[in-house]
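Participant: when you get a sec, could you give me coordinates for this:
(2 chains)
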Amino acid sequence: MSEDTAHGKPGSEVATVDEERYPVPDPGLEPHLPRLTDVDERAADRATRQVATFFGLVPVLAIGFAVVYFAVPGDSYLDFGPLRANTRNLLLGLTFGLALLFLGVGAVHWARKLMDDHEMIDYRHGAASSDDDKNYMLTELDKVVDESKITRRKIIGRTLLAALATILLPMLVGLADLGPWPTKKKRAETIERTIWAPGVRVVNDVTFLPIKPESIEIGQLINSEPANLQELEGSEYQIEKAKAAVIVVRMDPNDITIPPTREGWNIGGILCYSKICTHVGCPISLWEQQTHHLLCPCHQSTFDLADAGKVVFGPANRPLPQLPIALDSEGYIVAQRDFLVPPGPSFFERDSRYDTTVTM
Amino acid sequence: MRLLSSRRRHPAAKALLLVAGLFMMGALYSVIAPPAQVSADTGNSQQIAEGKALFAVGCASCHGLNGEGQVNGTIQGPPLAGVGAAAVDFQVGSGRMPMAKPGPQAPVKPNLYSEEEVAALAAYVASLGPGPAIPEPAAYDTSGLTDEELARGGELFRTNCSACHNFEGAGGALPNGKYAPPLIGLDNKRVYEAMLTGPQQMPVFDDEVLRPEDKRAIIGYLESLHERPTDGGLALGGLGPVSEGLWAWIIGLGSLIFFAMWIAAKGVKAK
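Facilitator: Alright, predicted model coming up:
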């Protein structure tokens, strides 16, 4: 089938029907109808006035913008019920925004109503270049290679290749600033440990007050940090806080399931878990005190704190790490040791096989 | 003195004397007598008896005749020993209790009990076991908080509250039809009581962990946050990406689609 009959000619009647490939007859192109503005001179004049009005308003608004910029003080406000707007910002936005809008509306209106209205057909064709073009390109390329003398003076080509290869080296070296190489030893002293240590007090976040078990009621949630976090400053403080943040909760001991490996990790129904979601590391403290579920607001991972922090819903793959706690000689809650498994989100080398069975 | 003694037989003297006497008695009484105040007094057996009667009518069907709670069956209610007067004042005072029907969460509705009745109920429930008392007005009075205290309140709010109640206190959704209610326009007393008692799914933040001055700072921060005018224009409820995204996708993209359709539409034809 030739191109012409396949797509139909403008104004032609019903085109040929090829039952197999085109079961529906090609209706051809719609007949071209003139617009109202093509035949009615008054309509065209009206459209001209409309376009000119849109364009004519643009300088008015642009000058208005400049006037507002200098004339309206920056500290005056307009009240619209509960809303409040800075007068100058509002007027600047309105003048400039409307100027741009009118410019666009005028241009589109002009094109739709007044610019020449005829239909054109562009036929489809393959994306590959013609053989002539390809041959021309290849001969040109050969000519350039020949003229550059690179085939005769080979040393230039080789040194250039070496130069281009080594120019990447500084960029690769710069990547080392992204962080230390995560060797086993490096991981063990960075992301796999926190500043929790035997005897470190569990204290309130923000106020850093130590906590006594008798001041915690059933259903209570305490956003907590290790007491030794206060000794740190700057980025070190932020890094350690991001790993060491915990929540302390108290539940009715009858409601809790304590696995045999975690006997003695809690104080009469007071349990301490990492606050960092094991999915991608959002801090979580949406705790429902009646269901004992802890919900992560980022991706709705839900952990059951009454059942060893197991995942009951959502994309998280590992239970929330539990921090073993005890009492110090003054009766304040302290950590028995650091977390037994690294808290926080998964990483490539993270071995999660022993998360539920690890013992002290 | 002559001015008074010479007029002692004046026709108005008797009436004036009576008025002066009554005024003095009134003034004396207001100084000596205790101020008439409605409060849940656990030592007041009459108030407790009234509360018990009210409890039997309005609360006992779920919480048991003696507030022992019902954990089995279709109608359930937690035991109330130890929840304290503050919990009753919060739940009944805000209209959450008595619940109209079982559901994932008790919604706020108009409170039909008078202040005296709420106080009697609170006194009765407080007599069941020791629990937090209704906070004094001074505890949630936010006048005189310094900027530093307000900033600290903000830090405490973002650490302890914003996870559920949103960073502007606009509230948020929880699983299975539960929700954290918005904190805008609330009575400061209710905010204090909620922290103290941990109603429904909310955890408890008692006075030893979140000290009274911390709670006061949080309430002051919330107040200052909600008094602030929205200089940025339409805040869209302060809900963050949800309402902003809705606005951008529906209104913003919708108007762009409208313009695209207008540009491509065929205009009026001559025939």
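
Participant: B:A194 contacts B:Q200, correct?
Facilitator: No: with contact defined as CB atoms under 8 Å, B:A194 does not count as touching B:Q200 (9.5 Å). Any C-beta I mention is one placed from the backbone N, CA and C, and that applies to glycine too.

Participant: so which of these two has more stuff around it?
Facilitator: Between B:A194 and B:Q200, counted using other CB atoms under 10 Å in any protein chain shown, the more crowded position is B:A194 (24 against 20).

Participant: name the element that one belongs to?
Facilitator: Here B:A194 sits within helix B:188-197, counting by DSSP states H and E.

Participant: list the helices and strands that helix packs on?
Facilitator: Helix B:188-197 is packed against helix B:84-93, helix B:212-227, with contacts defined by 3 or more CB pairs under 8 Å, 6 or more residues apart in numbering or on different chains; DSSP states H and E.

Participant: which strands and helices sit next to the shortest one?
Facilitator: Of the remaining helices and strands, those touching helix B:84-93 by 3+ CB pairs under 8 Å, 6+ apart are helix B:115-126, helix B:188-197.

Participant: coming back round to it: show residues contacting the helix holding B:A194.
Facilitator: B:83-84, B:86-87, B:89-90, B:93-94, B:131-132, B:134-135, B:137, B:139-142, B:183, B:202, B:204-207, B:210, B:215, B:218-219, B:222-223 (CB atoms under 8 Å, 6 or more residues apart in numbering or on different chains).

Participant: spatially nearest residue to the residue in the stretch 1-150 of chain B that chain A sits nearest to (excluding sequence neighbours)?
Facilitator: Going by CB to the nearest CB, chain A is nearest to B:P78 of the stretch 1-150 of chain B, at 8.3 Å. Leaving aside its sequence neighbours, B:P78 sits nearest to B:G69 (CB to CB, 6 or more residues apart in numbering or on different chains; 5.1 Å).

Participant: next one: A:D205
Facilitator: Per CB to CB, 6+ apart, closest to A:D205 is A:N223, 4.4 Å.

Participant: does anything pack onto the helix or strand where A:Q238 lies? Which helices or strands?
Facilitator: Per DSSP H and E, A:Q238 falls inside helix A:234-244. Judged by 3+ CB pairs under 8 Å, 6+ apart, helix A:234-244 is in contact with strand A:221-226.

Participant: now do the strand it packs on: which elements does it pack against?
Facilitator: In this structure, strand A:221-226 packs against strand A:202-204, helix A:234-244, strand A:246-250, helix B:147-160, with contacts taken as 3+ CB pairs under 8 Å, 6+ apart.

Participant: re the thing from before, quick check: mean pLDDT across the helix holding B:A194?
Facilitator: Across helix B:188-197, pLDDT averages out at 92.

Participant: do stretch A:43-50 as well
Facilitator: 95.

Participant: and the contacts of it?
Facilitator: Identification of contacts with stretch A:43-50 by CB under 8 Å, 6+ apart yields A:36-38, A:109, A:113-114.

Participant: give me the number of residues near the residue nearest to B:L239 when sequence neighbours are not counted?
Facilitator: The shortest distance from B:L239 to any non-neighbouring residue, by CB to CB, 6+ apart, is to B:A170 (5.7 Å). Applying other CB under 10 Å, we find 20 residues neighbouring B:A170.

Participant: can you check the one 5 residues further on too?
Facilitator: By other CB under 10 Å, 17 other residues sit near B:P175.

Participant: pretty sure it contacts A:L295?
Facilitator: Yes: if you go by CB under 8 Å, B:P175 and A:L295 touch, sitting 6.3 Å apart.

Participant: any common contacting residues for the two?
Facilitator: Residues touching both B:P175 and A:L295 by CB under 8 Å, 6+ apart: A:288, A:302.

Participant: next one, pLDDT for the closest residue to chain A within the stretch 51-200 of chain B please.
Facilitator: Using CB to the nearest CB, B:A163 is the residue of the stretch 51-200 of chain B that sits closest to chain A, at 4.5 Å. As predicted, B:A163 sits at a pLDDT of 89.

Participant: before we move on, the earlier item: list the contacts of the residue nearest to A:D205.
Facilitator: Shown in contact with A:N223 (CB under 8 Å, 6+ apart): A:204-206, A:245, A:247, A:275, A:285, B:159-160.

Participant: in TSV: these, plus neighbour count, pLDDT and distance to A:D351.
Facilitator: Output for the contacts of A:N223, formatted as TSV (neighbours: other CB atoms under 10 Å in any protein chain shown; pLDDT from 0 to 100; distance: CB to CB, whole Å):
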residue	neighbour count	pLDDT	distance to A:D351
A:N204	22	93	33
A:D205	21	91	30
A:V206	18	89	34
A:A245	23	95	23
A:I247	23	95	25
A:K275	25	95	22
A:S285	23	88	27
B:T159	18	92	32
B:N160	24	92	34
